[in-house]
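J.: the amino acid sequence is not available; the structure is as follows:
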């Protein structure tokens, strides 16, 4: 700890802002953080692009399954309606 009283100087004030409870504050303007971002950024963007493609494919498959199920239900209801109409005709024609 610094025992001299230079808290009135702007340099001492700036250094006290950079350290909080003996830990260095890392903000987005820190050169270290900027360098880490430069190193990690290409891998992260590639991973995000791969994840995005997987999500798009998953949504596409799910929507295709819903559409297929809807078409199947629609065709089934049309078949049931035809059968019902045929039964009505048979009942109307029988004595």
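T.: Structure's in. What do you need? What you are looking at is a predicted structure, and each value in this text was computed from that prediction instead of being measured.
J.: just give me the longest helix of the protein.
T.: Counting by DSSP state H, the longest helix found in the chain is helix 31-93.
J.: and that helix, what's its mean pLDDT?
T.: Helix 31-93 comes out with an average pLDDT of 90.
J.: by contact count, what packs against that helix?
T.: Helices and strands touching helix 31-93, as assessed by 3 or more Cβ pairs under 8 Å, 6 or more residues apart in numbering; DSSP states H and E, are absent. All C-beta atoms are positioned from the backbone trio N, CA, C, and that covers glycine.
J.: so what's residue 22 up against?
T.: Residue 22 makes no contacts at all, as judged by Cβ atoms under 8 Å, 6 or more residues apart in numbering.
J.: please renumber the chain so that the first residue is 23 from this point on.
T.: Got it, first residue is 23 now, which makes that one residue 44.
J.: gap between it and residue 60?
T.: 28 Å (Cβ to Cβ, to the nearest Å).
J.: what do you get for residue 110?
T.: Residue 110 is 75 Å from residue 60, by Cβ to Cβ.
J.: could you do residue 106 as well?
T.: For residue 106 relative to residue 60 (Cβ to Cβ), the value is 70 Å.
J.: again with residue 54
T.: 11 Å.
J.: with residue 113 instead?
T.: 80 Å.
J.: residue 105 now?
T.: Here the criterion is Cβ to Cβ. By it, residue 105 lies 69 Å from residue 60.
J.: what of residue 53?
T.: For residue 53, the distance to residue 60 (Cβ to Cβ) stands at 10 Å.
J.: again, but for residue 80
T.: The spacing between residue 80 and residue 60, counted by Cβ to Cβ, is 32 Å.
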